[in-house]
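K.L.:
Give me the fold of what follows.
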Amino acid sequence: TMPKEPAILRQNILDTTAAILACGIDPKKCLLFRQSLVPEHAELAWILGCLTNVPRLLRLPQWKMKRASQNSEGTVGLLTYPVLQAADILLYKSTRVPVGEDQVLHLELAQDIAKHFNKKYGEFFPVPKAILSEL
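P.N.:
Take a look at the predicted model:
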């Protein structure tokens with residue numbers, strides 16, 4: 001949600017890819033892709049954002065903490081980031097999502113958005129459940 005220098009962003013993408021492969025992810029067994037090259041993520045985020053109310057996003061603790069660290073000037077990108085996360089999850093009709101304790105509320109938002117969408121338009125998105133790790 002913070003602007004990055006293009007050269008640094010490109011290097012970060014390469015470094016992250018290298019780290020994923022170094023962890024043992026086998027590209028012959030899974031699909032590895034750059035999310036920013038899939039326009040459906042942003043398109044679904046827009047649709048879901050039109051179904052999500054602002055007061056709900058303003059109550060998320062991550063918004064409050066990050067906004068405070070940005071001298072009380074939170075950006076729209078920061079506010080709507082949890083909706084993009086929901087789109088990332090729901091786009092693939094995920095049923096289980098590994099999350100850390102700090103992301104549980106964002107997953108709950110994704111669950112609520114899925115339920116709201118399904119109620120309004122018919123059963124389409126599974127309601128994802130958290131996989132919490134003790135680590």
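
K.L.:
Grab the nearest non-local neighbour of Ile13.
P.N.:
Closest residue in space to Ile13, ignoring its immediate chain neighbours: Arg34 at 6.6 Å, by Cβ to Cβ, 6 or more residues apart in numbering. To be clear about C-beta, it is placed using only N, CA and C from the backbone, and glycine gets the same treatment.

K.L.:
What does the one you found show for phi and psi?
P.N.:
The phi/psi pair for Arg34 (degrees, to the nearest 10) reads phi -90, psi 110.

K.L.:
roughly how far apart are it and Ile8?
P.N.:
Look at Arg34 and Ile8: by Cβ to Cβ, to the nearest Å, they are 16 Å apart.

K.L.:
mind listing the strands for the protein?
P.N.:
Secondary structure of the chain by DSSP state E: the strands cover 96-99, 129-132.

K.L.:
Now mean pLDDT too, for these, in TSV please.
P.N.:
Output for the strands of the chain, formatted as TSV (pLDDT from 0 to 100):
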stretch	mean pLDDT
strand 96-99	93
strand 129-132	94
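
K.L.:
Let me have those strands in JSON lines, adding distance to Ile20 as columns.
P.N.:
Converted to JSON lines, the strands of the chain look like this (distance: least, Cβ to Cβ, whole Å):
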{"stretch": "strand 96-99", "distance to Ile20": "14"}
{"stretch": "strand 129-132", "distance to Ile20": "18"}
